[in-house]
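In: Here is a sequence together with a model predicted from it:
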Amino acid sequence: MATKKSRCPLHCNNSHDLSRRKFLQNTSTFIIGSLFLGNCTSDSSKNHIIKRIQPYGPGATYIPKIKAAFVRRKEDYGMWWPGAVYDGEAAHRKYTQLLNETAKELRVKFDLRSEPIYSHDEADVWISEARDENVDGLMVLLLDRQQHAWPTAHKAAESGIPTVVFSPVGSSFTTNTIRLANQPGSVIYSTDDFSQAAYGMKMLKAGARMRSTRCVVLKGDKRFETDMADLGITLRYIPVQTFLDEYRSMNTTDEILAMTREYERQAERRKGATPQDVVNGIKSYCVARNILEREKGDAITMDCLGALANEKISLPCIAWSRMNDDGIPAACEADTGAVAAHIIVQYLFDRPGFQQDPVADTSSDTLIGAHCSCPTRLNGINKPPEPFELIHHHGNRDAVPRPFWKIGQRVTCLDVLPGTNNKDEVRKTKMLISEGTVVENVSVPPAGGCVVSVKVKFDGDQDVLTFPGFHQLFFYGEFKDHLKEFCQLYDFEAEVV
């Protein structure tokens, strides 16, 4: 599993690795920015402050609980590994400090056992307490290879609680790790690089938040709730007419005009789309924001084409682009698998993804991701946007921001196929994962199709004509292994394409 990896598995800026501290500073800055700063912009003529959207649901307010313990013998190491040369007390102090700093920066509730686990019995008591406390994750930090050390790691991994095992060099042979390496519900980081353990904590936080997340689905004419099987995401369906009625009753406010001017200032140019098209799109954003606040939602999706294609109401392309820029998972076409992908990418990597329709280009053996709603803050939710222009939707209506993806940029592709858990079928969630390189921003027009069309050359030898999945997310950075680890930790199926 993760034991073979030498690169830092943490939040990376594009394809470049960051230190643990830099990663966590970015994460904590993102949290603060999400709550207070974000894209708030003062309009110079009106001095009007734009009300930034934020998540209002249980996923935003839930504080994940992580329980951690060191494991070692009580007596001196002596001749047995890690040997008398290893200063276990110094390691205990060092990793205690790093753990507490990481927990503080991630803003999780962190319970680190004051003394190491010194016996099998103590391990049993500690795991039993974790079950009683209903914690979201366990961290087992091995300062020993002998006696009860690895049996304790096995007990934690088999507890049913997602478990991260950190084994600094000297606390394991491959004979120790091999039996646990592919255990669903756990990951092993066998390294002195603590940034891997920090990413393990980030996964525990992301998984807990995901399982607390409520997504508003605007579709149909019924109100009801359901859960996404092993993902744990709650789907709150509300009648799509709710959106239409509120849009029609919404006036063009100073805030909407200020946001329109903000887009016009930031855009490199406007082609086809009129200022009124931008105003109409911003109204969709404000309507969706109001619905999220009323419904206490963390994410949103809508049957946009089914509900709005024949209406004189702006499709929510700007709205969804802006929300994903703001750190609100927003998916097109009421696609709940795409919602889950947005949630996972944003919670793990603090950046938005581009939901797209895959188009094969056999002349270059590439895949074109095409859609009309794409975020602009592709480098990260708290990073500056990529250059973009305002252009008409491929239906030659409404306004959409079309960002220019960096040529040569390494990207990851993720498609989430939600599992089922009913009397007729039980199936795990599956993730299709790929990495590749951006080679072109396809110009639409003269080409046909969705106006944001990003051409990617993917690694491997998958035939582009049979590339699996639909509505996959493209996003900046190389995160294939990170997603595989997340799948193992939460017992999802991972397939590298």
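Out: All right, it came through fine.
In: Show the residue spans covered by the helices in the stretch 201-350 of the chain.
Out: Taking DSSP state H, counting those that start in this stretch as the test, the helices found in the stretch 201-350 of the chain are 241-249, 254-266, 275-295, 304-308, 317-325, 336-349.
In: Then the stretch 51-200 of the chain?
Out: Using DSSP H, counting those that start in this stretch, the helices of the stretch 51-200 of the chain run over residues 58-61, 88-106, 120-133, 149-157, 174-177, 194-212.
In: Please tabulate these in a markdown table and include distance to Ala273 and mean neighbour count as additional columns.
Out: Every residue, glycine included, has its C-beta placed from N, CA and C. Output for these, formatted as a markdown table (distance: least, C-beta to C-beta, whole Å; neighbours: other C-beta atoms under 10 Å):
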| stretch | distance to Ala273 | mean neighbour count |
| --- | --- | --- |
| helix 58-61 | 32 | 18 |
| helix 88-106 | 40 | 16 |
| helix 120-133 | 54 | 15 |
| helix 149-157 | 53 | 22 |
| helix 174-177 | 56 | 14 |
| helix 194-212 | 35 | 24 |
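In: could I get these as a markdown table with distance to Ala360?
Out: Formatted as a markdown table, the helices of the stretch 51-200 of the chain follow (distance: least, C-beta to C-beta, whole Å):
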| stretch | distance to Ala360 |
| --- | --- |
| helix 58-61 | 36 |
| helix 88-106 | 40 |
| helix 120-133 | 48 |
| helix 149-157 | 41 |
| helix 174-177 | 40 |
| helix 194-212 | 32 |
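In: Show me the one of the ones you listed that comes nearest Ala68.
Out: helix 88-106 (6.2 Å; C-beta to C-beta).
In: by contact count, what packs against the closest one?
Out: Helices and strands touching helix 88-106, by 3 or more C-beta pairs under 8 Å, 6 or more residues apart in numbering; DSSP states H and E, are helix 20-36, strand 65-71, strand 109-112, strand 137-142, helix 194-212.
In: Mind listing the residues bridging to the residue nearest to Ala68 when sequence neighbours are not counted?
Out: Once flanking residues are discounted, Ala68 sits nearest to Met139: 3.8 Å by C-beta to C-beta, 6 or more residues apart in numbering. Residues in a beta bridge with Met139, per DSSP bridges, are Ala68, Val164.
In: Quick check, pLDDT for Met139.
Out: Turning to Met139, the model gives it a pLDDT of 98.
In: same check, this time on the one 10 residues further on
Out: pLDDT recorded at Ala149 is 97.
In: what does the one 4 residues further on give?
Out: According to the predicted model, the pLDDT of Ala153 comes to 98.
In: and it, what does it touch?
Out: If a contact means C-beta atoms under 8 Å, 6 or more residues apart in numbering, then Ala153 has Val71, Val140, Leu142, Thr163, Val165, Ser167, Leu180, Ile188 as its contacts.
In: count of residues packed around the closest residue to the last one other than its chain neighbours?
Out: Once its chain neighbours are removed from consideration, Ile188 has its nearest residue in Val165; the separation is 4.6 Å (C-beta to C-beta, 6+ apart). Residues within reach of Val165, counting by other C-beta atoms under 10 Å, total 32.
In: so Val165 touches Ser186, yeah?
Out: Yes - in this structure Val165 lies within contact range of Ser186 using C-beta atoms under 8 Å: 6.3 Å.
In: picking up where we left off before, indicate which one of the helices of the stretch 51-200 of the chain is closest to Met323.
Out: Counting by C-beta to C-beta, Met323 lies closest to helix 58-61 out of those; the figure is 13.5 Å.
In: Name every strand pairing with the longest strand along the chain and say which way it goes.
Out: Assignment by DSSP state E gives strand 430-441 as the longest strand of the chain. Taking DSSP bridges as the criterion, strand 430-441 pairs within the sheet with strand 410-417 (antiparallel), strand 452-458 (antiparallel), strand 493-496 (parallel).
In: just how off-centre is the longest one within its chain?
Out: In other words, strand 410-417. Distance of strand 410-417 from its chain centroid, counting by C-alpha atoms, centre = their mean, to the nearest Å, is 11 Å.
In: Go ahead and produce PDB holding the CA coordinates of it.
Out: The C-alpha coordinates for strand 410-417 follow below in PDB (Å, rounded to 0.1, in the frame of the first residue of the first chain):
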ATOM      1  CA  ARG A 410      -0.200  17.400 -14.600                       C
ATOM      2  CA  VAL A 411      -3.800  16.500 -13.700                       C
ATOM      3  CA  THR A 412      -5.800  13.700 -12.000                       C
ATOM      4  CA  CYS A 413      -9.000  12.300 -13.300                       C
ATOM      5  CA  LEU A 414     -11.600  10.900 -10.800                       C
ATOM      6  CA  ASP A 415     -14.900   9.200 -11.500                       C
ATOM      7  CA  VAL A 416     -16.900   8.000  -8.500                       C
ATOM      8  CA  LEU A 417     -19.400   5.200  -9.100                       C
END
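In: Let me know the average pLDDT across that strand.
Out: Across strand 410-417, pLDDT averages out at 98.
In: With the shortest one instead?
Out: When pLDDT is averaged over strand 493-496, the result is 98.
In: what residues does it touch?
Out: 428-434, 460, 480, 483-484, 487-488.
In: If we use 10 Å, what do you get?
Out: 184, 415, 417, 419, 427-435, 459-460, 462, 468-469, 480-481, 483-488 (C-beta atoms under 10 Å, 6 or more residues apart in numbering).
In: List the buried residues of stretch 74-88.
Out: Neighbour counts over stretch 74-88 (16 or more other C-beta atoms under 10 Å) mark Tyr77, Trp81, Pro82, Tyr86, Gly88 as buried.
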